[in-house]
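Colleague: Provided below are the primary sequence and the corresponding predicted coordinates.
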Amino acid sequence: MSDTVLRARQVARRFGSQIALEPTGIDVRAGEALALIGPNGAGKSTLLALLAGALEPSSGTIERVDGVPVGWVPQAAAFYDRLTARENLELFGRLEGEPQYARVAEELLVRFEIPADRPAHTLSVGNRQRLNVALALLGSPRVLLLDEPTAALDPGQRRRLWETVTALRDEGGSVVFATQNLEELELYADRVAVLQRGLLTFVGPTAEYRELHAEEIFT
Amino acid sequence: MLVRSPLLLGVLIAYPLLVAGLVGLVAGYGSSKPRVALVDEDHLPQAVSVGGHRFRIQDAIDEVGKNVHLVRMDPVEARHALATGRVVATLTVPPGFLADLKSGLHSPSLVYQVTRGGISSRVIQQVQALVYGLNRQLQTAYVQTDLKYVQLIVTGGRAEFGGRTYDVLGLARMQKLLQQLPPGPQRDRIAEFARIAGVALAQTGSLLGATANPIGLERAHEDSRSSLLSAQVQSYALALTITFLALLLAAGAIASERDENAIGRLRRGLISMGELVSAKVALAAVVALALGLAIALVFGVIVEAGGVAGGEPWQRLPLLAAGLLVAGAALGALGTLLGALARETRTASLVAVLVVMPIVFLGLVPREVVPVAGWLSDGLPFAHAVRYFSASLYDASPWGTVARELVWLVGLGLVFGALARLATRRLLA
């Protein structure tokens, strides 16, 4: 439970002169769900992108223990609009090194009920988000990083997404999710990390977080 | 927005000026007949007689007008026209020109003035060609007149000098008269001299012709291509097409990775930024190859259907294909750099279109006219592609040019590719 699988060591990120994330250290442990919370612009998406390897840190390092595979669901859909959902899944499946990429793509299409053969730009907002999540599950990740994954989903889709996420955690995988939804935090998070203006101000168990006044964080 | 971005404002102002300047240069050079003012201060008559040969002035103008467009002007008008650029040169016939020419005592001179700037060297060449053409006509007249005198010495006859008519004996008639004299060594010696002199003078015509024109130039009859199918047109058509295509395609393709947010997902160790740049370069190269070959095939079919001789429409296709691939890659690398710098697909496409025109115009401006344009063009793939295509399709021995341009294209591709790799960081910001 306490084995670290992903570690950020004093990672910081600047965009030009703007500081998106001050030097931050955080461990992601096996079998836990870690919630990232904080107001808009606090640096949650930046930290997740750094953990995912989608961004290079301006300073500090990210360590993947034993090269643990990581899946990433960015806040904005990240796939090719002109390709169909199936083509996107097969393309990224091949890039992820999935030997049975066509079979895996088919399984994900069925599991997330995504229209398979329509160009991605014609999909509804909800279907696009489901494709975004499905892409993150390629390559059998042991760590899943989700950036406000349920924002565009209806209640049924949200439930199915959390079923997938908790199943991964129950199998010993790790989940890090950014959210503005405090109910999700209560239901699914084992630990909470609070970011404010690029600074990590709190990391601890959800029970300990409850003792803080969440409202103060978002003022 | 323009106030907030002085750079954009500067580009919007400078760009049309740059394109207009380049178009002006190209168009100015492209005129096959520069306008030259003819200032006749000697008041040449309609026809003049020089060396016993009658010249019509308009005929001489028509003859030289094949190379330059001569426009008669008075001195003031000519100066103004030269200053305002309506003519690129003035050619003045100074007072006393015809008198000096007729006297044969010394050669008169025409005086020319040329505009400053890149085209001056070409205009000087045209003016020199004009004087060369006039000299050729005068030489022919002088030679013909001289030959008449020689013929008179050989055969004898009536001739006019200084308004008086003379009966010239001539060598042939002298020999007949000698035969009527009593034989003797002195008569035989004079007769031998007359015979040898006659033989020698008979060669004078060809000798005079050779002296006037030691080297002649003849145009052999051949089946040549029409200008539409010329090597230059084909080369420019190929280079222009793939420049537009490769730049736009590569710039749009790399920028769309950011627009579609796929760059972040790819960046997570799925592929490196170098591989991403290489993929865009390869895409541009392959599409340039396909389209370039299609164009070359169309030209080849037209050449075959028209039964036009010359050129190597089919045999050189493999060499052309190699050039299309490498030129497409070099242009693709430049396009990828532009796309990475622009970051957004629409901006990248606009930037690519804006950049294509100066690149092409720089390649069209002859190096001899504006050396700076030549140097700048050396740093861009378009001109090298044109030279490669021209050599590979039509040069009898293309290997030197092909190898040199190939090295240039590969080098430029590597430089632009490396810069594009660095610029991809902007896509992640």
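Modeller: That came through, no problem.
Colleague: pretty sure B:Phe244 sits against B:Met357.
Modeller: No - between B:Phe244 and B:Met357 there is no contact under CB atoms under 8 Å: 9.6 Å. C-beta here means a position set from N, CA and C on the backbone, and glycine is covered the same way.
Colleague: let me see the backbone angles for A:Ala12.
Modeller: Backbone torsions of A:Ala12, given as degrees, to the nearest 10, read phi -140, psi 160.
Colleague: where does B:Gln113 fall, secondary structure wise?
Modeller: Using DSSP states H and E, B:Gln113 sits within strand B:111-114.
Colleague: is the residue nearest the centre of chain A in a helix, a strand, or coil?
Modeller: Centroid-nearest residue in chain A: A:Leu146, 1.7 Å away (criterion: CA atoms, centre = their mean). Put simply, A:Leu146 is strand when judged by DSSP: H, G, I helix; E, B strand; the rest coil.
Colleague: list the residues that contact it.
Modeller: A:Leu48, A:Val73, A:Val133, A:Ala136, A:Val165, A:Val175, A:Val176, A:Phe177, A:Ala178 (CB atoms under 8 Å, 6 or more residues apart in numbering or on different chains).
Colleague: if you set the cut-off to 6 Å instead, what comes out?
Modeller: A:Val73, A:Phe177 (CB atoms under 6 Å, 6 or more residues apart in numbering or on different chains).
Colleague: okay, and the beta partners of it?
Modeller: A:Val73, A:Phe177 (DSSP bridges).
Colleague: quick one: it and A:Phe112, what's the gap?
Modeller: 14 Å (CB to CB, to the nearest Å).
Colleague: and what of A:Val70?
Modeller: Counting by CB to CB, the gap from A:Val70 to A:Phe112 is 19 Å.
Colleague: could you check which of the two has the larger neighbour count?
Modeller: Taking neighbours as other CB atoms under 10 Å in any protein chain shown, A:Val70 and A:Phe112 compare with A:Val70 leading, 24 against 21.
Colleague: that one is in contact with A:Val143, isn't it?
Modeller: Yes - A:Val70 is within contact range of A:Val143, at 4.6 Å (criterion: CB atoms under 6 Å).
Colleague: any idea how far A:Gln10 lies from B:Ala81?
Modeller: 75 Å.
Colleague: of those two, which one has the most company?
Modeller: B:Ala81 (19 against 12).
Colleague: which secondary structure state does that one sit in?
Modeller: Secondary structure of B:Ala81, per three-state DSSP, is helix.
Colleague: can you give me the helices in chain A?
Modeller: In chain A, the helices defined using DSSP state H lie at A:44-52, A:85-96, A:101-111, A:125-136, A:155-170, A:182-188, A:206-210, A:214-217.
Colleague: show the backbone phi and psi for A:Gln180.
Modeller: phi -110, psi 0.
Colleague: got phi/psi on the nearest residue to it once chain neighbours are set aside?
Modeller: Nearest residue to A:Gln180, sequence neighbours excluded (CB to CB, 6 or more residues apart in numbering or on different chains): A:Glu148, at 6.7 Å. Torsion angles at A:Glu148 (phi, psi; degrees, to the nearest 10) stand at phi 50, psi 60.
Colleague: spatially nearest residue to B:Pro108 (excluding sequence neighbours)?
Modeller: Computed as CB to CB, 6+ apart, the closest residue to B:Pro108 that is not its neighbour in sequence is B:Asp100, at 3.8 Å.
Colleague: now stretch B:260-275: buried residues?
Modeller: Residues of stretch B:260-275 classed as buried by neighbour count (16 or more other CB atoms under 10 Å in any protein chain shown): B:Glu260, B:Asn261, B:Ala262, B:Ile263, B:Gly264, B:Arg265, B:Leu266, B:Arg267, B:Arg268, B:Leu270, B:Met273.
Colleague: for the closest residue to A:Val104 other than its chain neighbours, give its distance to chain B.
Modeller: Excluding its sequence neighbours, the residue lying closest to A:Val104 (CB to CB, 6+ apart) is A:Glu98, at 5.1 Å. Using CB to the nearest CB, to the nearest Å, A:Glu98 is found at 12 Å from chain B.
Colleague: ok, A:Glu98 - how many residues close by?
Modeller: By other CB under 10 Å, 18 other residues sit near A:Glu98.
Colleague: what residues are up against the residue of chain B most remote from its centre?
Modeller: In chain B, the residue that sits farthest from the middle, by CA atoms, centre = their mean, is B:Pro182; the gap is 70.7 Å. Counting by CB under 6 Å, 6+ apart, B:Pro182 makes contact with nothing.
Colleague: picking that back up, give me the subset of the buried residues of stretch B:260-275 touching chain A.
Modeller: B:Glu260, B:Asn261, B:Ala262, B:Gly264, B:Arg265, B:Arg267, B:Arg268, B:Leu270 (CB under 6 Å from any CB of the partner chain).
Colleague: among those, which ones are in helices?
Modeller: B:Ala262, B:Gly264, B:Arg265, B:Arg267.
Colleague: turn the residues you listed into TSV, including pLDDT.
Modeller: Formatted as TSV, these follow (pLDDT from 0 to 100):
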residue	pLDDT
B:Ala262	88
B:Gly264	85
B:Arg265	87
B:Arg267	85
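Colleague: list the residues that contact the closest residue to B:Thr115 other than its chain neighbours.
Modeller: Nearest-residue entry for B:Thr115: B:Val88, 5.1 Å, with adjacent residues in sequence omitted and distances by CB to CB, 6+ apart. Residues near B:Val88 by CB under 6 Å, 6+ apart: B:Pro34, B:Thr115, B:Val123.
Colleague: ok, the last one to B:Arg86 distance?
Modeller: The one in question is B:Val123. Taking CB to CB, one finds B:Val123 at 14 Å from B:Arg86.
Colleague: swap in the second one?
Modeller: Using CB to CB, one obtains 10 Å as the distance from B:Thr115 to B:Arg86.
Colleague: now the ones next to chain A among the buried residues of stretch B:260-275 as TSV including distance to A:Asp170?
Modeller: TSV is the format used below for those (distance: CB to CB, whole Å):
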residue	distance to A:Asp170
B:Glu260	34
B:Asn261	30
B:Ala262	31
B:Gly264	28
B:Arg265	26
B:Arg267	30
B:Arg268	25
B:Leu270	28
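Colleague: what parts of the stretch 251-400 of chain B come near chain A?
Modeller: B:Glu260, B:Asn261, B:Ala262, B:Gly264, B:Arg265, B:Arg267, B:Arg268, B:Gly269, B:Leu270.
Colleague: can you name the two of the residues you listed that are farthest apart?
Modeller: B:Glu260 and B:Gly269 (18.9 Å; CB to CB).
Colleague: got the domain ranges for chain B?
Modeller: B:31-213, B:228-428 (automatic domain parsing).
Colleague: looking at those domains, which one is packed in the most?
Modeller: Scoring those by mean neighbour count under mean count of other CB atoms under 10 Å in any protein chain shown gives domain B:228-428 as the most buried, with a mean of 20.
Colleague: now stretch B:91-105: mean pLDDT?
Modeller: Taken as a whole, stretch B:91-105 carries a mean pLDDT of 81.
Colleague: run through who's touching that stretch.
Modeller: Contacts of stretch B:91-105 (CB under 6 Å, 6+ apart): B:Val36, B:Leu38, B:Val39, B:Asp40, B:Glu41, B:Asp42, B:Val48, B:Val50, B:Pro108, B:Leu110, B:Val111, B:Tyr112.
Colleague: what residues does chain A have near chain B?
Modeller: A:Phe15, A:Ala52, A:Gly53, A:Ala54, A:Pro74, A:Ala76, A:Ala78, A:Tyr80, A:Asp81, A:Leu95.
Colleague: all set, thanks.
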